[in-house]
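Asks: Dropping a prediction and its sequence here:
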Amino acid sequence: MHNEHIQEHFNNRNVTELDSNYYMVDIAAYPTDGWGKFKRVVKRSFRGELFVGLWVVLREMIKFDVHTIQYPAEKMPIGPRYRAVHEMKRLWESDTERCIGCGLCEKICISNCIRIDTKLDENSRKEVTEYSINLGRCIFCGYCAEVCPELAITHGGEYENASDQREHFIMYQDMLTPLDKMKAGTQLEFEGFGAITPHEDERVKKTPLAY
Amino acid sequence: METAYLIETVIKIVVILLIFSALAGIGTYFERKVLAFMQRRLGPVNVGPFGLLQVAADGIKLFTKEDIVPTNVVARIFKIAPVITAATAFMAAAAIPFLPSFTLFGYEVHPIVADINIGILYILGIMGVGLYGPLLGGMASANKFSLLSAARGAAVFISYEVVTGLSILAPIMMVGSLSLIDFNEYQAGGFTTWIVWSQPVAFILFWMAAFAETGRTPFHLIANDHEIIDGFGTEYSGMRWGLFFIGEYANMFFISFVISILFLGGYGDGSFLGALGLLGKVAFFFFFFLWTRAAWPDVRPDQLMWLCWKVLMPIAMINIVITAIVMM
């Protein structure tokens, strides 16, 4: 029944009723005899289409509206959700690392490029001792950023990571937001996959306790 | 006197060779720039001011690249083919008056290597010999795309030689001479005496045939990049390929000179302004070669043959007959 409904919907796609800008393309009959072909050639030759083409390119040349981006000198702006080389964020309150060493990112990584090693420090808190991402294997799928419960690992905007080695690793210290940047308050939150949505604070409701 | 003539001729040959070899390189620069601007790009910008030294960079690259002669090719023919293209292109220039005669240090210089009385016939003949470059190169390459290109090249050249010859016949009948100097003198009376006004059909036909002769875009079938890789040039590398290129661009310049002199009055009365006018006309025709490349699509080989034998050749014949009747 449901299928039939869909079928009917597709069969009744009369676009002219929905939007009068649609029109059928007028395709003339294909000439079969030599005289018809000759007439078509004459029509096409003397309709001035060739000169329209010449005018269009000359107009663009005169207007000089160049769209080239001279890449190393100027760059396209990239979206905030762009998934390039990873970043490790710090807490806004205390400037300490957000990563709690839970290892979820290592677990979920489908290309097995994250390696994490932790130990318990003197306060019995987990501390990250080793953390590396093999950028040669990473497919930048964004699962690590999505799964991270602390919004610690995110993607950044740095896409110029050419290397003379195929296996280019990035270490924890390189990904971590530098302290001076943190002090200046210029750490950027990642707005992409797994990040909190804007105005999240207003949407938070108190958990109803009185059932 | 004999020695002076010899020295003068040798100097002229060297000057023409140098200028047009350099112009071929600068022509590639202008082609890239014009095409880029028409396609909203910038073209070469990084090497030198406005990318001008790109020509030098390309030249150095071509000269220093490895000269590869692949296995299975007929090496001797493979090696000589690019030389044929470049050499015939420059040989054709011998009968072209590039500028009106002028006086240099009290010595009258005629900027034409040899004012032979069969000038236009010689030019067309030598340009026809230029066919052997792509033909032999493609056949000797042991590559099916090169062979296809050679076959197409032979078909197109031979067909359009017919149109070129027939279209030029009517102006030749009017002028009564084959020398380009005589053509120029015939039109020296000014703007209204240009042959293009009395022979517009021949002018259009010759112009179209020039595109086929030089293998430029609407008729760019011989080295059609999107169908047969680079055609006859596929197996070539380094300066051998560069010679094909120089030949093609020199041909474009020379055919522009020929059209300007045959139909558009050449250098006119021989004044400085007339000389500038000739260079301006040549520049326009060269620009038009680039312009069409940006604007127009290629035609299929069968369409090209159809156009030549069933449309252009009959029109050329009718033009000759009408011209003859009017002259009687």
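Replies: That came through, no problem.
Asks: residues in contact with the residue nearest to A:Glu150 when sequence neighbours are not counted?
Replies: Spatially, and ignoring its direct neighbours in sequence, A:Glu150 is nearest to A:Arg98 (4.6 Å; CB to CB, 6 or more residues apart in numbering or on different chains). Just so you know, the C-beta spots here come from the backbone N, C-alpha and C atoms, and that holds for glycine as well. By CB atoms under 8 Å, 6 or more residues apart in numbering or on different chains, the contact list for A:Arg98 reads A:88-91, A:150-152.
Asks: Which one of those is nearest to chain B?
Replies: A:Met88 (37.4 Å; CB to the nearest CB).
Asks: And stretch B:158-170, what's buried?
Replies: B:159-161, B:163-170 (16 or more other CB atoms under 10 Å in any protein chain shown).
Asks: Of those residues, just say which sits nearest to chain A.
Replies: Nearest to chain A among the buried residues of stretch B:158-170, with distances taken as CB to the nearest CB, is B:Val163, at 15.6 Å.
Asks: Confirm the closest one sits in a helix?
Replies: Yes. Assessed by DSSP: H, G, I helix; E, B strand; the rest coil, B:Val163 belongs to a helix.
Asks: gap between it and A:Gly157?
Replies: 60 Å (CB to CB, to the nearest Å).
Asks: now the contacts of A:Arg98: which count as buried?
Replies: Buried, going by 16+ other CB under 10 Å: A:88-90, A:152, out of those.
Asks: Near chain B, which residues of chain A? Just list them.
Replies: By CB under 8 Å from any CB of the partner chain, the residues of chain A that approach chain B are A:41, A:50, A:53-54, A:56-58, A:60-61, A:64-68, A:70.
Asks: Return the members of the residues you listed classed as buried.
Replies: Here, 16+ other CB under 10 Å leaves A:41, A:50, A:53-54, A:57, A:60-61 buried among those.
Asks: how about the most centrally placed residue in chain A, secondary structure?
Replies: With distances taken as CA atoms, centre = their mean, the residue of chain A nearest its centroid is A:Tyr82 (4.4 Å). Secondary structure state of A:Tyr82, per three-state DSSP, is coil.
Asks: same deal with A:Ile133?
Replies: strand.
Asks: Could you do the one 4 residues further on as well?
Replies: State at A:Arg137, reduced to three classes by three-state DSSP: coil.
Asks: Run a quick neighbour tally on the closest residue to it other than its chain neighbours.
Replies: Leaving out its chain neighbours, the residue that sits closest to A:Arg137 by CB to CB, 6+ apart is A:Cys113, at 3.8 Å. For A:Cys113, the number of neighbouring residues by other CB atoms under 10 Å in any protein chain shown comes to 20.
Asks: swap in the one 3 residues further on?
Replies: Number of residues near A:Ile116 (other CB under 10 Å) recorded here: 21.
Asks: Next: A:Glu202.
Replies: 7.
Asks: if I pick it, what's in contact with it?
Replies: Per CB under 8 Å, 6+ apart, neighbours of A:Glu202: none.
Asks: List the contacts of stretch B:215-235.
Replies: By CB under 8 Å, 6+ apart, stretch B:215-235 touches B:68, B:70, B:73, B:78, B:81, B:133-135, B:137-138, B:141-143, B:145-146, B:148-150, B:152-153, B:156, B:160, B:211-212, B:241, B:244, B:248, B:252, B:289, B:292-293, B:296-299, B:301, B:304.
Asks: Next, the buried residues of it.
Replies: B:215-224, B:228-235.
Asks: Shouldn't A:Glu127 be within a strand?
Replies: Yes. When three-state DSSP is applied, A:Glu127 is found to be in a strand.
Asks: doesn't A:Leu120 make contact with it?
Replies: Yes. Look at A:Glu127 against A:Leu120 with CB atoms under 8 Å: they come within range, at 7.1 Å.
Asks: On the pLDDT front, check residue 178 for me.
Replies: Just so you know, I chose chain A. pLDDT, A:Pro178: 84.
Asks: The chain in question should be chain B.
Replies: pLDDT, read off for B:Leu178, is 86.
Asks: That one reaches B:Ile118, doesn't it?
Replies: Yes. Assessed by CB under 8 Å, B:Leu178 is found in contact with B:Ile118 at 4.7 Å.
Asks: the more surrounded of these two?
Replies: The residue with more neighbours, out of B:Leu178 and B:Ile118, is B:Leu178; 19 against 13, by other CB under 10 Å.
Asks: The buried ones among the contacts of A:Arg98: which two are farthest apart?
Replies: A:Arg90 and A:Ala152 (8.7 Å; CB to CB).
Asks: joint contacts of the two?
Replies: Shared contacts of A:Arg90 and A:Ala152, counting by CB under 8 Å, 6+ apart, come down to A:97-98.
Asks: Show the subsequent helix or strand relative to the lengthiest helix in chain A.
Replies: Secondary structure assigned by DSSP state H gives helix A:49-63 as the longest helix of chain A. Next helix or strand after helix A:49-63 toward the C-terminus (DSSP states H and E): strand A:86-88.
Asks: What residues does the stretch 151-300 of chain B have near chain A?
Replies: So far as CB under 8 Å from any CB goes, the stretch 151-300 of chain B lies against chain A at B:291-292, B:294-296.
Asks: mind putting those residues in JSON lines, neighbour count, secondary structure and pLDDT included?
Replies: Formatted as JSON lines, those follow (neighbours: other CB atoms under 10 Å in any protein chain shown; DSSP: H, G, I helix; E, B strand; the rest coil; pLDDT from 0 to 100):
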{"residue": "B:Trp291", "neighbour count": "20", "secondary structure": "helix", "pLDDT": "91"}
{"residue": "B:Thr292", "neighbour count": "19", "secondary structure": "helix", "pLDDT": "90"}
{"residue": "B:Ala294", "neighbour count": "21", "secondary structure": "helix", "pLDDT": "88"}
{"residue": "B:Ala295", "neighbour count": "19", "secondary structure": "helix", "pLDDT": "88"}
{"residue": "B:Trp296", "neighbour count": "19", "secondary structure": "coil", "pLDDT": "87"}
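Asks: is it possible to export those to a markdown table including distance to B:Met317?
Replies: Compiled in a markdown table, those are given as follows (distance: CB to CB, whole Å):
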| residue | distance to B:Met317 |
| --- | --- |
| B:Trp291 | 30 |
| B:Thr292 | 26 |
| B:Ala294 | 33 |
| B:Ala295 | 30 |
| B:Trp296 | 26 |
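Asks: where does the spatially most central residue of chain B land in three-state SS?
Replies: In chain B, the centroid-proximal residue (CA atoms, centre = their mean) is B:Asn251; its distance is 2.5 Å. Under the three-state scheme (three-state DSSP), B:Asn251 adopts helix.
Asks: Looks like it contacts B:Phe211 (just checking).
Replies: No. B:Asn251 lies out of contact with B:Phe211 (CB under 8 Å); the separation is 11.3 Å.
Asks: Quick check: A:His155 touching A:Tyr143?
Replies: No. If you go by CB under 8 Å, A:His155 and A:Tyr143 don't touch, sitting 10.9 Å apart.
Asks: For these two, indicate the residue with more neighbours.
Replies: A:His155 (22 against 19).
Asks: What spatial separation is found between the residue nearest to the more buried one when sequence neighbours are not counted and A:Arg59?
Replies: Excluding its sequence neighbours, the residue lying closest to A:His155 (CB to CB, 6+ apart) is A:Arg83, at 4.2 Å. Distance of A:Arg83 to A:Arg59, computed by CB to CB: 40 Å.
Asks: Thanks a lot, catch you later.
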